[in-house]
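A.B. asks: Please work out how this folds:
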Amino acid sequence: MKTRAEKSVRFRADVEGMRAVAIGLVLLYHAGVPLIPGGFVGVDVFFVISGFLITGLLTTELRESGTISLGRFYARRAKRLLPAASLVLVTTVVVTFWAMPETVWRQTGGDVIASALYVVNWRLASRSVDYLAQDSAESPVQHYWSLAVEEQYYLLWPLLLLVVSLAARRRGKPISRSLWVGLAAVAVPSFVWCVYWTSREPAAAFFATTTRMWELALGGGVALAAAPFSRLPRLPAAILGWSGLIAIAASALVFSTTSSWPGYAALLPTLGAAAVIAAGPSAGSAGPIALLGTGPFTWIGGLSYSIYLWHWPLIVWATVLLDGLTAWQGLAVALAAVVPAWLTYRFVENPIRYSRRFAVRPTRALRLGAGLTTVGVTVGAVPVVVVAAQVAAPARPPKVEPLGAVALDAHPNRVPTRVKVVVPDPLAVSEDVPDAYDRECQVKIGDPKPVSCTYGDPDGALDMVVVGDSKMLQWISAFDMIGKKYGWRIRTFTKATCSFSDAVLSRNDRPYKSCMQWNAAVLETFREDPPDVMVTSQGSSIALIDPERPDLGTSSAAMVRGLRSRWTTMTELGTHVVVLLDNPVPIMPMAYWLRVYDCVADHRDDLPACSFDRDEGVRRSAAEELARAARGLPGVDVIDLTDYFCVADTCPPVIGNVLIYRSGSHITNTYIKSLATPLERVLVPIVERGPLRAPAAVGDGEEGSRRCAARAVTSC
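C.D. replies: Residues are numbered from 1 along each chain as shown. Purely as a prediction, here's the structure:
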């Protein structure tokens, strides 16, 4: 049973057809079709459509009855959205247990819980700026972020409309004008914040409700201005409508994942969508309805919600099962989503949506919504609890001492082909990090201010600094052990994805400004109080060719020049520079998202399946650039511990029953600790020798010969 307001809001075939355009763009983008690099703009179009329809419904009810029934509004949302959404969440958990690696169970379960509660967008925003979660697998429910944005917005919007209308009546002011004030109060701050935050952290801004509210409000503005738009002359209206549709198409073709999004760039597709909606009634058959109002468009538009829910999980699951998808395979999988979408629409959505039982008593729909939310939270908790129990369980027998890198000293060419016990367990590897992260020793991406933590012997006579990005910080546990043993004070100066260099790194196709500022501040600190020894490493191998012309791109030569310049400055200050070469970067099959521990979890009895080629791993790292930069520079030594990551021509995932890799190409803290002894054997003689003796002296004497034979010091 529909209310008077619902009946008075007539069906718009062009709007329904524009939903088909939006979902089509999203499907093509997620399928990996290269001709549509900006298909994600379909979500922005959805936001405008939703804002238009919901605002039209609410304001019509407000004008006709003088109020808004919040109970009926939320009941409509619950019976419209939750049945299909809950079905997909339950299916996701079932398929996760069946087809996905154990290492993603806990993350997926947490994502399902957040999706059921419509807060997953904030979970994803937080994960996007969490450096330790940079290699998180693509969640099969990641697309629920846009649903979360909408529902959070609609917790606020009806209440705001009620408040401004009540205030208008009390002051004897026209309600319409007050509604515009309320709309502006949402849209303007949201847009300003969107532009600002996108310029600083586009990954987080993409998912945030606060950066997307203006898009929904834009659709609401079209609803408030429906009367003036309906009086547009036919020809101008038709031109406006077709121009809007062209703007949407152009957005999908012009923008890509390298674009800072949403930001001001999102104005193009959202204003385009608003133009199509605004011009529709006046343009009539001369407008976009001539295309959008046809049967195929309106049919797909009607299914768009269910298609949206099903397509992304299917793509994620197919990627795992088929070890990656070509664009054609991705497109086939995306189109296959129409089948479960139609079944869901026919047998789940519509029966509940149009049920008289729920229409007569909105409280029943609200109870249904609460029940379905509980179901989603409960099923999402299952994989979380299962993984927690496995991690907390005692290690599987037999007991094996995790030797790590030390095992290679006794057996240089022996690596396991199977393991029953590996430390850390692949299910808990993301937690095997140095305490420097808990101490917040690493500066975050958007922060330019240096932070330093002290390790080793705080009162040590030798002042050593470790400087660079997270590939340097990962070594701090080993340096801490060595520093305490030899009485060295060790201070950290690291920043996420930021090299200590005169070169300028690129971030989002622009100069990484906070990295430049951090570099300048750290260098000034060293000028004021030069350290005795600086140890540096990094994962970045390229830098901008010309910071004034980011469009010229990046090169490794630019990075090498920047490093040589910076290290020369440090040696002129009297600091001995020690370069620790970057560790090899693993190459995993597509199904494992480049994560070694996913592969190990699935191949405990076949570890060679998770090994990779040494030369390729080194080539993908920054080791070659670091070595080239150090070549021939006086006062600069190089340490290469690649032999402790790779045996002969192969880099195994496990050495000495210790799992080597965690986040991306980062090393587990357990394995780093096992490298303290090999690192000590090389580092201590270099430090004791000092920077003034010729590099050739590194190989002098019996100890030097032994170290050169081990190929640990490249200046040999």
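
A.B. asks: Mind jotting down where the helices sit in the stretch 301-450 of the chain?
C.D. replies: Applying DSSP state H, counting those that start in this stretch to the stretch 301-450 of the chain gives helices spanning 327-336, 338-344, 350-353, 356-360, 362-392, 407-410.

A.B. asks: Export these as CSV, with columns for mean pLDDT.
C.D. replies: Output for these, formatted as CSV (pLDDT from 0 to 100):
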stretch, mean pLDDT
helix 327-336, 93
helix 338-344, 97
helix 350-353, 90
helix 356-360, 80
helix 362-392, 90
helix 407-410, 82
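
A.B. asks: dump the residue contacts of the spatially most central residue of the chain.
C.D. replies: Nearest residue to the geometric centre of the chain (C-alpha atoms, centre = their mean): residue 128, 3.6 Å. Taking C-beta atoms under 8 Å, 6 or more residues apart in numbering, we find residue 128 in contact with 201, 203, 204, 206, 207. In short, each C-beta sits where N, CA and C put it, glycine included.

A.B. asks: burial measure for residue 192, as a count.
C.D. replies: Residue 192 has 12 neighbours, counted by other C-beta atoms under 10 Å.

A.B. asks: so which helix or strand takes in it?
C.D. replies: helix 175-200 (DSSP states H and E).

A.B. asks: And that helix, what does it pack against?
C.D. replies: helix 41-65, helix 145-171, helix 202-207, helix 213-224 (3 or more C-beta pairs under 8 Å, 6 or more residues apart in numbering; DSSP states H and E).

A.B. asks: Please point out which parts of that helix sit buried.
C.D. replies: 175, 178-180, 182-183, 186-187, 190-191, 193-195, 197-199 (16 or more other C-beta atoms under 10 Å).

A.B. asks: and the angle for it with helix 213-224?
C.D. replies: 150 degrees (axes from the mean of the first three to the mean of the last three C-alpha atoms, to 10 degrees).

A.B. asks: ok so, going back, would you format the helices and strands packed on helix 175-200 as JSON lines with mean pLDDT and mean neighbour count included?
C.D. replies: Shown next, in JSON lines, are those (pLDDT from 0 to 100; neighbours: other C-beta atoms under 10 Å):
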{"stretch": "helix 41-65", "mean pLDDT": "94", "mean neighbour count": "23"}
{"stretch": "helix 145-171", "mean pLDDT": "92", "mean neighbour count": "18"}
{"stretch": "helix 202-207", "mean pLDDT": "90", "mean neighbour count": "21"}
{"stretch": "helix 213-224", "mean pLDDT": "96", "mean neighbour count": "25"}
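
A.B. asks: For the stretch 451-600 of the chain, which segments count as helices?
C.D. replies: Going by DSSP H, counting those that start in this stretch, the stretch 451-600 of the chain shows helices at 470-473, 476-486, 513-528, 556-572, 596-602.

A.B. asks: Tell me who's in contact with residue 341.
C.D. replies: Residue 341 touches 303, 306, 307, 309, 310, 311, counting by C-beta under 8 Å, 6+ apart.

A.B. asks: repeat that for 7 Å
C.D. replies: 303, 306, 307, 310 (C-beta atoms under 7 Å, 6 or more residues apart in numbering).

A.B. asks: Skip the chain neighbours and tell me the closest residue to the second one.
C.D. replies: Nearest residue to residue 306 in three dimensions, chain neighbours excluded: residue 341, at 3.6 Å (C-beta to C-beta, 6 or more residues apart in numbering).

A.B. asks: re the thing from before, out of the helices and strands packed on helix 175-200, which is closest to residue 88?
C.D. replies: Proximity to residue 88 (C-beta to C-beta) singles out helix 145-171 among those, at 10.6 Å.

A.B. asks: Which elements pack onto the closest one?
C.D. replies: Packing contacts for helix 145-171, counted by 3 or more C-beta pairs under 7 Å, 6 or more residues apart in numbering; DSSP states H and E, involve helix 41-65, helix 70-99, helix 120-128, helix 175-200, helix 213-224.

A.B. asks: I'd like these as JSON lines, with distance to residue 239 appended.
C.D. replies: Output for the helices and strands packed on helix 145-171, formatted as JSON lines (distance: least, C-beta to C-beta, whole Å):
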{"stretch": "helix 41-65", "distance to residue 239": "19"}
{"stretch": "helix 70-99", "distance to residue 239": "34"}
{"stretch": "helix 120-128", "distance to residue 239": "36"}
{"stretch": "helix 175-200", "distance to residue 239": "25"}
{"stretch": "helix 213-224", "distance to residue 239": "17"}
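
A.B. asks: can you tell which of those is closest to residue 347?
C.D. replies: Residue 347 lies closest to helix 70-99 among the helices and strands packed on helix 145-171, at 9.9 Å (C-beta to C-beta).

A.B. asks: Buried residues of the closest one, list them for me.
C.D. replies: Quick answer for helix 70-99 (16+ other C-beta under 10 Å): 72-93, 95-96.

A.B. asks: angle of that helix against helix 41-65?
C.D. replies: Going by the same axes, to 10 degrees, helix 70-99 makes 160 degrees with helix 41-65.

A.B. asks: I'd like the mean pLDDT over helix 70-99, please.
C.D. replies: Averaging pLDDT along helix 70-99 gives 93.
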